[in-house]
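Q: What follows is a predicted protein model with its sequence.
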Amino acid sequence: MEPFYYKDGILFAEEVSLTDLAMQVGTPCYVYSRGAIEEAWRSYDEAFGGRDHLVCFAVKANSNVAVLNILARMGSGFDIVSMGELERVLRAGGKAENIVFSGVGKTEAEMRRALEVGIGCFNVESEQELYRLADVAADMGMVAPVSLRVNPDVDPKTHPYISTGLKASKFGIPIDHAGAIYEHARSLGSIELRGIASHIGSQLTSIDPFIDALERVLALVGELSDAGIELKWLDLGGGLGVRYYDEQPPEPSRLVVSLMDRLQEMGSRYQRMRVIIEPGRSIVGNAGVLLTRAEYIKPGEIKSFVVVDAAMNDLMRPALYDAWQDIVPVNKDLERETGVYDVVGPVCESGDFLGHDRELSVASGDLLAVMSAGAYGAVMSSNYNTRPRAAEIMVDGNQFHIIRRRETVDDLLAPESVLPA
Ligand code: LLP
């Protein structure tokens, strides 16, 4: 489905006009399409066919409880990285046993809570973490299900800030050391060795690095099996990219089928493993836009600017990664002069931009949509410059629902207090 499209010159989300929506809820706001989220999740799920598998949505990409709830209703699992994300998933109706817990810095309190609710697996990223988890579980009289997250040292060929599978990265256990740690872990009574996990980076646009990582991980699974350690879960991480500009990432189903074909070829000893994947961006990225209004047009000798009411605090990807996201008028039939503009927000930083050198036909008061903003948009927003965070809206057919109301300044100030007189 194409969730965002023009009808009579007006940008729609499913069957809702974004001009009407902006009039009713104001700007800036994030707008998501329920249909697009469901379709993307299903395309992963269905591609596995009859194989034992679990699609665990990477909560960090979009953690709104309504988004998580939509996925939970379809039977999704979840990949989390904090206690906060754990509580979100539980409140959204996600099942604890379908949660995998990633991240290099799990605290003792996080481990306790995750054990208490009975999560499916801890993806352990270091030897020290393993020992801490063993102690916490032993203290609670429990056995913790564990996959070691290994670092297979493959180059995902993506932005350095979002590459995670190279030797120089803080993530995972170097694959050459993992065998010894598995060996040691098997003597820990409070640890159940359940599987192996790897995640090599994000916004990958080719299948090859995934296949590379799979082969390296399976080689280790084979060695462990020879040594009598039979792993049951094979977690291949997330990372499939979406189209922001002219990228041509494979469809989720093609990635899954390629991986499952390769897995099949690697031999019968791997066929009983349950396959987990942790996609985030490719489920929600193109299912959302950031709706914003042009406040001022500011012509200049060298550069001209459109100052909009959304800023780097609302969408950080351009400022942080120099990421390119398309910016389009919501009403494209208005008679406007066309110019080349930097689209910037009101924040007092030169890095506060949503797009550089964009050709736009725009006047003050017009609505613009920043496309492909459903992943790593709202979740990365902040209150910098004491800007209340944007509202989030879920469109469902011809209906829309406010799934996060716009913050107020009172919300922001509530936790603060002055010194006594
Ligand atoms: N699993 C693990 C262990 C991860 O670290 C990540 C993402 C994912 C799954 C999901 O990856 P995805 O399918 O979304 O690519 N803020 C950056 C992206 C950071 C990704 C971090 N880890 C951005 O806006 O591009």
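A: Nice, I can see it.
Q: Quick check, pLDDT for Lys332.
A: In this prediction, Lys332 carries a pLDDT score of 96.
Q: rounded to a whole number, what's the mean pLDDT of the helix or strand containing Ala40?
A: Taking DSSP states H and E as the criterion, the element that holds Ala40 is helix 34-47. Average pLDDT, helix 34-47: 98.
Q: backbone phi and psi for the residue lying closest to Glu116 once chain neighbours are set aside, please?
A: Leaving aside its chain neighbours, Glu116 sits nearest to Met140 (7.5 Å; criterion: CB to CB, 6 or more residues apart in numbering). To be clear about C-beta, it is placed using only N, CA and C from the backbone, and glycine gets the same treatment. Here the main-chain torsion angles of Met140 (degrees, to the nearest 10) amount to phi -90, psi 0.
Q: Now that Met140 has come up, it's in contact with Met111, right?
A: No. Assessed by CB atoms under 8 Å, Met140 is found out of contact with Met111, at 9.1 Å.
Q: neighbour-wise, which of those two wins?
A: Between Met140 and Met111, counting by other CB atoms under 10 Å, Met111 is the more crowded of the two (23 against 14).
Q: and the more buried one, what are its phi and psi?
A: phi -60, psi -40.
Q: check which helix or strand covers the nearest residue to it once chain neighbours are set aside.
A: In this structure, Met111 finds its nearest non-sequential neighbour in Val136, 4.5 Å apart by CB to CB, 6+ apart. Assessed by DSSP H and E, Val136 sits inside helix 127-139.
Q: Quick check: neighbours of the very next helix or strand once past that helix in the sheet, parallel or antiparallel?
A: The element immediately downstream of helix 127-139 (helix or strand, assigned by DSSP H and E) is strand 144-151. In the sheet containing strand 144-151, the strands it pairs with under DSSP bridges are strand 121-124 (parallel), strand 173-174 (parallel), strand 191-197 (parallel).
Q: which one of those has the lowest average pLDDT?
A: Ranked by mean pLDDT, the strands paired with strand 144-151 end with strand 173-174 in last place, scoring a mean of 94.
Q: Which is the succeeding secondary structure element to it?
A: Stepping forward along the backbone from strand 173-174, the first helix or strand reached (DSSP H and E) is helix 175-185.
Q: Quick one: list the elements packing against that next one.
A: If you count contacts as 3 or more CB pairs under 8 Å, 6 or more residues apart in numbering; DSSP states H and E, helix 175-185 packs onto helix 127-139, strand 144-151, strand 191-197, helix 208-226.
Q: right, and the ones you listed - which one's nearest Cys29?
A: For the helices and strands packed on helix 175-185, distance to Cys29 was read as CB to CB. The smallest value, 34.6 Å, belongs to helix 208-226.
Q: Could you name the helices and strands sitting against that closest one?
A: When contacts are defined as 3+ CB pairs under 8 Å, 6+ apart, helix 208-226 sits against helix 175-185, strand 191-197, strand 233-235, helix 252-265.
Q: Pick the most deeply packed of those.
A: For the helices and strands packed on helix 208-226, average neighbour numbers computed from mean count of other CB atoms under 10 Å are highest in strand 233-235, which has a mean of 24.
Q: So what touches that strand?
A: Strand 233-235 is contacted by residues 56, 100, 121, 123, 147, 149, 194-199, 217-218, 221, 263, 270, 273-278 when judged by CB atoms under 8 Å, 6 or more residues apart in numbering.
Q: Name all residues that make contact with the residue nearest the centre of the chain.
A: Most central residue of the chain, judged by C-alpha distance to the mean C-alpha position with CA atoms, centre = their mean, is Ala61 at 2.2 Å. Contacts for Ala61 were tallied using CB under 8 Å, 6+ apart; they are Gly280, Arg281, Ile283, Val284, Gly285, Gly374, Ala375, Tyr376, Val379.
Q: just checking: which of those also lie near the ligand?
A: Gly280, Arg281, Tyr376 (CB under 6 Å from any ligand atom).
Q: Please tabulate the helices and strands packed on helix 208-226 in TSV and include distance to the ligand as additional columns.
A: Conversion of the helices and strands packed on helix 208-226 to TSV gives the following (distance: least, CB to the nearest ligand atom, whole Å):
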stretch	distance to the ligand
helix 175-185	16
strand 191-197	8
strand 233-235	9
helix 252-265	10
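Q: From the chain's centre, how far out is the strand ranked longest in the chain? Work that out for me.
A: The longest strand of the chain (DSSP state E) is strand 288-298. Using CA atoms, centre = their mean, to the nearest Å, we find the averaged C-alpha position of strand 288-298 to lie 24 Å away from the chain's own average C-alpha position.
Q: How about the stretch 1-150 of the chain: which residue is closest to the ligand?
A: With CB to the nearest ligand atom as the measure, Ala58 is the residue of the stretch 1-150 of the chain nearest to the ligand, at 3.4 Å.
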